[in-house]
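*Asks:* sharing a model prediction with you, sequence too.
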Amino acid sequence: MEFQLHPSSPRGAVRRVSLGPRGEALAAAGAGVAAFLALSLWITVPVTVRRVLRDREEASARDRELDARREREGLAMRAIGVRDRALDAGDRLSRIAFLYGVAPQRWPRALNPETGLLSGRDPASLTQGCGRYLVALERGRVLLEAAESDDADLAARTPSRLPLRSELVEPSALFGPRVSPWTGGEEFFPGVDLAAPLGSPVIAPAAGTVLFTGRADAAASRLARFGNLVVVSHGSAGVTLYGHLSRVDVRRGDRVARGRLLGSVGATGRAASPGLHYEYWRNSGGGRLEPTDPLFAILDRRLTRSDASLERMRATSAPGPIEPPPPSP
């Protein structure tokens, strides 16, 4: 086999390359390899391209699915946030209704935690439940505004805030039955003990008149264990009591406004550490006072999570007679 290489100029010499049998075999083999590579590329390149495109499409689908999942999770978190704010608003309105003496039959039942209207976590069900709950919130707001319109001083004389001017507050004893740390026997505790730094200001949670200051006279009195006391009457809204005070800054007969300094946190009486003993005696009608959970009357701070329906709050009281704050009504 001979190859001729002709120059571009007519005056150039023609080059001849001759291949022997071995060269011809190598040339044929090279041509075969080239043909095989061409055929292989013709088959593999489309397959590779399709695989790359498929991988890209799958990666894109995974990214879209991840974005959709994140969006669903974001919607769920926002829905839960709206639910929690709605429940807080409902709890606050229900506690105000309790303090204002609103009858349970007039109060929107959708605001009762027992209904479970907003107990789910699914955004669709929460959206539907929130719609009904917002309608109930508006009805409750209208009822409370009507009560305040009928009694201009109702809001001012209703205990509604923490009676301590301190950020360091922790409940150390809660309203209800317990084992007495002093006698070891069962007793009903008609108030709350709030641990706070010594000397923290104790303030009036509402407007009222000071009924009593000092210590309970009788050693057998349950009130003797609370050391220095202040008792404030809030008219039809009830009576509040403050114990374990280190100092008393008011006198009997003083008129006090919400936020007025009553005294300071101490450890007088039976107290293992500084704190405030706080009781709220609600007017249950006919001039009769009943102890109720003071946490229901603290709207500016949430010391514990204890959402309750209006019926449950009205039913929360001592199971039997308890010595009332001095002077006896």
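*Replies:* Yep, it's here. No experiment lies behind these values; they were computed from the predicted model shown.

*Asks:* what about the residue nearest to D254 when sequence neighbours are not counted, distance to E58?
*Replies:* In space, D254 comes closest to V210 once its chain neighbours are excluded; the distance is 4.4 Å by C-beta to C-beta, 6 or more residues apart in numbering. No exception for glycine: its C-beta is placed from N, CA and C like everyone else's. According to C-beta to C-beta, to the nearest Å, V210 and E58 sit 77 Å apart.

*Asks:* show me where the stretch 1-150 of the chain has helices.
*Replies:* Counting by DSSP state H, counting those that start in this stretch, one finds helices in the stretch 1-150 of the chain at the ranges 21-100, 123-150.

*Asks:* can you tell me which of those helices the model trusts least?
*Replies:* If you rank these by mean pLDDT, helix 21-100 sits at the bottom with a mean of 72.

*Asks:* just list whatever residues bridge to the residue nearest to D254.
*Replies:* V232 (DSSP bridges).

*Asks:* so for it, what's the pLDDT?
*Replies:* V210 is assigned 97 on the pLDDT scale.

*Asks:* and the nearest residue to Y100 once chain neighbours are set aside, how many neighbours?
*Replies:* Closest residue to Y100 apart from its sequence neighbours, by C-beta to C-beta, 6+ apart: A147 at 4.8 Å. Neighbours of A147 under the rule other C-beta atoms under 10 Å: 17.

*Asks:* contacting residues around A147?
*Replies:* Listed by C-beta atoms under 8 Å, 6 or more residues apart in numbering, the contact set of A147 reads Y100, G101, V102, L154.

*Asks:* pull the number of nearby residues for the first one.
*Replies:* Right, Y100. 18.

*Asks:* and what of the third one?
*Replies:* Other residues near V102 number 20, with proximity taken as other C-beta under 10 Å.

*Asks:* and the closest residue to it other than its chain neighbours, what does it touch?
*Replies:* Once flanking residues are discounted, V102 sits nearest to L143: 6.1 Å by C-beta to C-beta, 6+ apart. By C-beta under 8 Å, 6+ apart, the contact set of L143 is A97, V102, R106, W107.

*Asks:* I figured the last one hits S94, correct?
*Replies:* Yes - distance between W107 and S94: 7.2 Å, which falls inside the contact criterion (C-beta atoms under 8 Å).

*Asks:* more crowded one of these two?
*Replies:* Applying other C-beta under 10 Å to W107 and S94 shows that S94 carries more neighbours, namely 26 against 22.

*Asks:* the more buried one and G208, how far apart?
*Replies:* S94 is 23 Å from G208, by C-beta to C-beta.

*Asks:* CA atoms only: put stretch 228-239 into PDB for me.
*Replies:* Written as PDB, here are the backbone C-alpha positions of stretch 228-239 (Å, rounded to 0.1, in the frame of the first residue of the first chain):
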ATOM      1  CA  ASN A 228     -46.300  41.500 109.200                       C
ATOM      2  CA  LEU A 229     -49.500  41.800 107.200                       C
ATOM      3  CA  VAL A 230     -51.300  44.400 105.000                       C
ATOM      4  CA  VAL A 231     -55.000  43.800 104.000                       C
ATOM      5  CA  VAL A 232     -56.600  45.900 101.300                       C
ATOM      6  CA  SER A 233     -60.300  46.100 100.400                       C
ATOM      7  CA  HIS A 234     -61.200  46.500  96.700                       C
ATOM      8  CA  GLY A 235     -64.900  47.000  97.300                       C
ATOM      9  CA  SER A 236     -67.000  44.600  95.300                       C
ATOM     10  CA  ALA A 237     -63.900  43.200  93.700                       C
ATOM     11  CA  GLY A 238     -62.800  41.600  97.000                       C
ATOM     12  CA  VAL A 239     -59.900  41.700  99.400                       C
END
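
*Asks:* buried residues in it?
*Replies:* Neighbour-count burial for stretch 228-239, with 16 or more other C-beta atoms under 10 Å as criterion, is recorded at N228, L229, V230, V231, V232, S233, H234, G235, A237, G238, V239.

*Asks:* kindly report the same for stretch 240-249.
*Replies:* By 16+ other C-beta under 10 Å, the buried positions in stretch 240-249 come out as T240, L241, Y242, G243, H244, L245, S246, V248, D249.
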